[in-house]
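J.: Have a look; sequence and predicted model below, questions after that.
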Amino acid sequence: MTDFFVDTNVFLRFLTEDIPEQAQAVERLLRRAISGQIGLRTSALVLAEIVWTLESYYRLSRDEVSEKVLAILNTHGLRVESADLIAEAIMLYRGKGIDFVDAFNAVWMREHEIGTAITFDARHFNRVESIQVKTPQEAAPATTQ
């Protein structure tokens with residue numbers, strides 16, 4: 001069986017149906033994957049781009065975006081890199097109002113047993129109880145002589 005990489009715009013055409021003939025072509029592609037005729041793969045970055053585009057361009061709510069991302073993750077015949085982390089991140093994104101990328105990074109940190117984030121923008125990481133947040137100045141204070 002041949003594997004194919006699926007790009008962001010393919011998912012967006014299917015999820016938004018804004019170009020009906022392209023949405024139909026994607027549906028046929030997904031049916032082939034579901035039936036096992038082909039394998040489809042995509043990356044975590046594609047999912048991040050989908051979230052960003054659905055929010056910023058299509059102005060969908062977090063609940064709507066979450067439903068669409070979870071539908072992608074649950075598509076038989078489609079393998080998504082870091083699917084478990086993406087699923088956890090989408091729950092933080094939805095439940096705690098954290099930007100998707102920050103939510104993904106928080107889940108990734110936990111997976112890699114990293115408890116402290118160094119950032120100038122703590123507002124989203126502060127919503128994750130297991131993460132301590134420091135600024136670069138706090139992590140590497142200036143020395144006095």
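T.: Sure thing, it's come through. Numbers count the residues shown, from 1 in each chain.

J.: what's the domain layout of the chain?
T.: The chain breaks down by automatic domain parsing into domains covering 3-81, 101-145.

J.: Same list (those domains) but as TSV, adding distance to residue 95 and mean pLDDT.
T.: Yep, even glycine has a C-beta here, placed from its N, CA and C like the rest. TSV is the format used below for the domains of the chain (distance: least, Cβ to Cβ, whole Å; pLDDT from 0 to 100):
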stretch	distance to residue 95	mean pLDDT
domain 3-81	9	96
domain 101-145	9	90
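
J.: for those, which one sits closest to residue 89?
T.: domain 101-145 (4.0 Å; Cβ to Cβ).

J.: which of the domains of the chain is buried the deepest?
T.: Most buried of those, by mean neighbour count (mean count of other Cβ atoms under 10 Å): domain 3-81, with a mean of 16.

J.: mind checking the end-to-end distance for that one?
T.: 14 Å (Cα to Cα, to the nearest Å).

J.: can you put the domains of the chain in CSV and add distance to residue 90?
T.: Below are the domains of the chain laid out as CSV (distance: least, Cβ to Cβ, whole Å):
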stretch, distance to residue 90
domain 3-81, 5
domain 101-145, 7
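
J.: mind checking which of the ones you listed is nearest residue 88?
T.: Using Cβ to Cβ, the nearest of the domains of the chain to residue 88 is domain 101-145, at 4.5 Å.

J.: Going along the chain, name the helices of the protein.
T.: 8-16, 20-34, 44-56, 62-73, 83-96, 100-111, 136-139 (DSSP state H).

J.: just so I know, which of these lies nearest residue 127?
T.: Minimum separation from residue 127 across those (Cβ to Cβ) falls at helix 83-96, 4.6 Å.
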